[in-house]
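Novice: Turn this into a structure:
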Amino acid sequence: MSTRRNFLLKLGLGSTALLLSKNSIASKLFNKPKKNAINSSPIVISTWSHGIPANKVAMEILSNGGKAIDAVENGVRIIEADETNHSVGIGGFPDASGKVSLDASIMDHKGNAGAVCYLQNIMHPISVARKVMEETPHVLLAGDGALEFALEKGFLQEELLTPEMEKAWKEWAKTSNYKPRVNFESHDTIGLLALDNANCLAGACTTSGMPYKLPGRVGDSPIIGAGLYVDGDVGAATASGLGELMMKTLGSFLIVELMRNGSSAQEACEIAIKRIWNKYQADQNSEFFQVGYLALGKNGDFGAYSILPGFQFALALNGENKLYDSDCLIKK
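Specialist: So this is what the prediction gives:
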């Protein structure tokens, strides 16, 4: 174990970082193009395969001259309303008590932010988060307060626990064996970043959290700097995976700060992942020790990296919308 760990640490510290940009698609994904080429077309990048339909909606808005903030909100709303997706919105896995609770955050290019956590019975927490951003002096509303605010703003209460998920919860409750798994979309978010034709950035992140989590548990998705961070002068980042790790390292904020100081989007994602590994590697045998990051620079530069294999991201660019496997630190 010691030899393996030393090898991995050397790998983490010595690997050559790669830059992903708008010119690095398909077979060119891991070539290193010229840095700082100013992007002239909109870009959307998001986590997991459910990012494909989300990207499609977001890109339609951007292609028609729409704003990045509208693109990210409406892109992830598609997934929040999809009952067959068990990681976001209606149809999400419940907590240990059988209740579905949702977390979400949104940020625009000016650094404005809004978020909600432990919100129940509202299908679109991302839209509530935007209302928090635009219509209150606050950033984060929680629980009953978030629900009351949503109802005041005209959102309708809905039952989020579908028959399929109720059946799954009752089956789980027979043993109450809490065992999260990595790269299992039913406990992962959708994080979506967009760059519009006006060169403005925005990001959105929304989730129902880990299946059968302790009631009241809140992950990284609504925490600004952990699950999502946007600085319109520099870039944006979002995360997926074990939220507690992102919360303890504020990886999305770290990635943007690294980009501010000269790192490419890809380099910044890799450094953030290696920091988690170096600090928490004692937990490496955990079955859910996984984090994946996405980053998008103001100049169109983008990056993706994870601890373990299996993390995927969807990229919409130059008329294409495709799913890619992220590079990772630990090769199995």
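
Novice: Show the model's pLDDT score for Met28.
Specialist: Residue 28: Lys, not Met. Per-residue confidence at Lys28 stands at 42 (pLDDT).

Novice: Can you check which helix is longest in the protein?
Specialist: Using DSSP state H to define each element, the chain has its longest helix at helix 265-280.

Novice: Show me how far stretch 210-217 is from its chain's centre.
Specialist: 18 Å (C-alpha atoms, centre = their mean, to the nearest Å).

Novice: Please state the mean pLDDT value computed over it.
Specialist: Averaged across stretch 210-217, the pLDDT comes to 92.

Novice: Pull up the distance across it, start to finish.
Specialist: Counting by C-alpha to C-alpha, to the nearest Å, you get 9 Å between the two ends of stretch 210-217.

Novice: what about Lys153, neighbour count?
Specialist: Neighbourhood size, Lys153 [other C-beta atoms under 10 Å]: 13. Just so you know, the C-beta spots here come from the backbone N, C-alpha and C atoms, and that holds for glycine as well.

Novice: so who does it touch?
Specialist: Counting by C-beta atoms under 8 Å, 6 or more residues apart in numbering, Lys153 touches 128, 131, 135.

Novice: buried stuff in stretch 87-100?
Specialist: Residues of stretch 87-100 classed as buried by neighbour count (16 or more other C-beta atoms under 10 Å): 87-96, 100.

Novice: which residue ranges form the helices in the stretch 1-150 of the chain?
Specialist: Secondary structure of the stretch 1-150 of the chain, counting by DSSP state H, counting those that start in this stretch: helices at 2-14, 51-63, 68-80, 125-135, 143-152.

Novice: what do you get for the stretch 151-300 of the chain?
Specialist: Secondary structure of the stretch 151-300 of the chain (DSSP H, counting those that start in this stretch): helices at 163-173, 243-249, 251-260, 265-280.

Novice: Go through these and pick out the most buried.
Specialist: helix 251-260 (a mean of 24; mean count of other C-beta atoms under 10 Å).

Novice: in the sheet, who's paired with Leu294?
Specialist: As for beta bridges, Leu294 partners with Thr238, Ala304 under DSSP bridges.

Novice: Would you mind measuring from it to Leu228?
Specialist: Going from Leu294 to Leu228 by C-beta to C-beta, to the nearest Å gives 10 Å.

Novice: now swap in Leu62 and tell me
Specialist: Leu62 sits 19 Å away from Leu228, taking C-beta to C-beta as the criterion.

Novice: Over to Ile61?
Specialist: For Ile61, the distance to Leu228 equals 19 Å [C-beta to C-beta].

Novice: quick one, which of the two is more surrounded?
Specialist: Using other C-beta under 10 Å as the criterion, Ile61 and Leu228 rank with Leu228 on top: 32 against 22.

Novice: and the more buried one, what is it in contact with?
Specialist: Each residue near Leu228 by C-beta under 8 Å, 6+ apart is listed here: 105-107, 191, 203-205, 221, 236-239, 252.

Novice: hmm, try it at 6 Å
Specialist: Applying C-beta atoms under 6 Å, 6 or more residues apart in numbering to Leu228 gives the contacts 105, 203, 205, 238, 252.

Novice: Next up, the contacts around the nearest residue to it once chain neighbours are set aside.
Specialist: Using C-beta to C-beta, 6 or more residues apart in numbering and skipping residues adjacent in sequence, the residue nearest Leu228 is Cys205, 4.2 Å away. Cys205 sits next to 105, 189, 191, 221, 227-228, 238 when contact means C-beta under 6 Å, 6+ apart.

Novice: For Cys205, name its beta-bridge partners.
Specialist: Going by DSSP bridges, Cys205 forms beta bridges with Ser105, Gly191.

Novice: Over to Ala314?
Specialist: Ser46, Leu323.

Novice: Could you tell me the model confidence score at Glu185?
Specialist: For Glu185, the predicted pLDDT is 44.

Novice: what do you get for the one 10 residues further on?
Specialist: The score at Leu195 is 98. That number is its pLDDT.

Novice: and what of Gly292?
Specialist: Confidence at Gly292, expressed as pLDDT, is 96.

Novice: Where does pLDDT dip in this structure?
Specialist: Residue ranges of the chain with pLDDT under 70: 1-40, 178-187, 283-288.

Novice: Thanks a lot, see you next time.
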